[in-house]
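Engineer: take a look and give me a structure for this.
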Amino acid sequence: MSLHGEIEAFLERTRMPATRFGRLAAGDPRLVGDLRQGRMPGPALTARVRAFLAAPPAWKPGRRGGAISARGSNGR
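Structural biologist: This next block holds a predicted model:
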C-alpha cells in the first residue's frame, strides 16, 4: 500500500483530523492535503510518517478546540 493509502486508512480508522495527523507525524499540518494534491514525500519524510503510523499516540476523537473548561464553553 502507498504511504498516502496508509495515511488515509489510519485517518478513517481513528477519525483523526488530517491537520492533526500532519502536525503530530511530521510537524506539517498541510501534509495530508498536500499528499492529496499529489505531493511526493522524500525518503526521510516517508520514514518519519511510517514510524508514526507504527506507534501512534493514544487518540480519542472529542470536542473541537482543545481543552474543556470546568465552567463550560462560555466561561460563565
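
Engineer: which parts of the helix or strand encompassing residue 52 are buried?
Structural biologist: Assessed by DSSP states H and E, residue 52 sits inside helix 43-54. Judged by neighbour count (16 or more other C-beta atoms under 10 Å), helix 43-54 contains these buried residues: 45, 49, 52. Using the backbone N, CA and C atoms, a C-beta is placed for each residue, glycine as well.

Engineer: what's that helix packed up against?
Structural biologist: Here helix 43-54 touches helix 3-14, helix 18-26, going by 3 or more C-beta pairs under 8 Å, 6 or more residues apart in numbering; DSSP states H and E.

Engineer: for whichever helix or strand comes after the last one, buried residues please.
Structural biologist: So the one you mean is helix 18-26. Downstream of helix 18-26, the first helix or strand assigned by DSSP H and E is helix 31-36. The neighbour-count check on helix 31-36 (16+ other C-beta under 10 Å) flags 31-32, 35 as buried.

Engineer: quick check: the gap between the residue sitting nearest the centre point of the chain and residue 34.
Structural biologist: With distances taken as C-alpha atoms, centre = their mean, the residue of the chain nearest its centroid is residue 21 (0.9 Å). Distance of residue 21 to residue 34, computed by C-beta to C-beta, to the nearest Å: 12 Å.

Engineer: and if you look at residue 48?
Structural biologist: Taking C-beta to C-beta, one finds residue 48 at 15 Å from residue 34.

Engineer: now residue 60
Structural biologist: In this view, residue 60 and residue 34 are 26 Å apart by C-beta to C-beta.

Engineer: low pLDDT regions in this protein?
Structural biologist: 63-76 (pLDDT under 70).

Engineer: can you do 90?
Structural biologist: 1, 56-76 (pLDDT under 90).

Engineer: which of the helices and strands packed on helix 43-54 sits most buried?
Structural biologist: helix 18-26 (a mean of 18; mean count of other C-beta atoms under 10 Å).

Engineer: which residues does it contact?
Structural biologist: Helix 18-26 is contacted by residues 7, 10-11, 28-33, 45, 48-49, 52-53, 56-57 when judged by C-beta atoms under 8 Å, 6 or more residues apart in numbering.
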